[in-house]
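> Just the structure for this:
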Amino acid sequence: MSVLYLAFQTDDRTSRMAKLQKSGAHVVVAEPRWPGFFELAKREKPYAIAIDFSEAPSHSLETADYLSKAKETKETALFLLRVPTDRLEAVQKRLPQATVTTEQELSGRLAEMEREAEARAREKKEAAAAAKKAARAANAAAKAAAAGKPLKPAAPPAKAPAKAKPAASAGKKKPAAKKSAPPRKAQTNPKKKK
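Just a heads-up that it's a prediction; the model follows:
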């Protein structure tokens, strides 16, 4: 997983990128030039995109707008850095899902997102291992059944609990047993005799 940092090449870009890397995130840097930034975003599949507005804010706004609407990146967290105050209202109106932030705030947020991404990856790995184990067991059971070998049960079947006998009450008579009716004789059909 990575973070895509889009900023034009300036003397400050390397130091700004280093601030973001302190979060522990893998930061991929590119300029916001078409189609390079989009091809990179499709290839990297970042969990966050940060766009620096310090150089060419109109161009950065168009880049952010495109990324927020593209099928491949519309669910990705979008962070905007150094948005000029005169463009802030237009940016918020056009990109309500984007977060305007500073490098320090973004670094803290990326550290949190990185921990969450690691936890999700660990859960996926554990689920995949459990599924693989279950598939191996099912495969072994199928092979054993095909070979005609009885399967060993994992645990013996549980026995049904014994019914409790009612306690005899002292001084009470037992009810008399019903007499059964004598068995019926089979009736023969007189017409069948010949």
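
> What is the lowest-mean-pLDDT helix or strand in the chain packed up against?
Using mean pLDDT, DSSP states H and E, helix 13-21 stands out as the lowest-scoring helix or strand of the chain, at a mean of 84. Helix 13-21 sits against strand 3-6, strand 27-30, strand 48-52, helix 103-147, with contacts defined as 3 or more C-beta pairs under 8 Å, 6 or more residues apart in numbering; DSSP states H and E. C-beta: built from backbone N, CA, C; applies to glycine.

> Compare these and give me the one nearest Asp12.
For Asp12, the closest of those is strand 48-52, at 9.1 Å, according to C-beta to C-beta.

> Walk me through which strands the closest one pairs with, and which way each runs.
Strand 48-52 pairs in its sheet with strand 3-6 (parallel), strand 77-81 (parallel), by DSSP bridges.

> where in the chain is pLDDT low?
Counting by pLDDT under 70, the ranges of the chain that qualify are 1, 149-194.

> Tell me if I'm right that His26 and Ser2 touch.
Yes: using C-beta atoms under 8 Å, His26 is in contact with Ser2, at 4.3 Å.

> If you count surrounding residues, which of these two has more?
The neighbour comparison of His26 against Ser2 (other C-beta atoms under 10 Å) goes to Ser2, with 15 against 12.

> and the more buried one, what does it touch?
The contact partners of Ser2, by C-beta atoms under 8 Å, 6 or more residues apart in numbering, come to 25-28, 44, 46-47.

> hmm, try it at 7 Å
By C-beta atoms under 7 Å, 6 or more residues apart in numbering, Ser2 lies in contact with 26-28, 44, 46.

> do the same with Phe8
31, 55-56.

> do the same with Leu6
Leu6 sits next to 30-32, 37, 49, 51-52, 63 when contact means C-beta under 7 Å, 6+ apart.

> from those, which single one is nearest Lys69?
Of those, the one sitting nearest to Lys69 (C-beta to C-beta) turns out to be Thr63, at 11.3 Å.

> The closest one belongs to a helix, doesn't it?
Yes: membership of Thr63 in a helix is supported by DSSP: H, G, I helix; E, B strand; the rest coil.

> Check the contact between Pro57 and Thr85; I expect there is one.
No: Pro57 is beyond contact range of Thr85, at 10.8 Å (criterion: C-beta atoms under 7 Å).

> quick one, which of the two is more surrounded?
Pro57 (19 against 6).

> Who's the closest spatial neighbour of His59, skipping the chain neighbours?
Distances taken as C-beta to C-beta, 6 or more residues apart in numbering place Pro32 nearest to His59, at 6.4 Å, with adjacent residues excluded.
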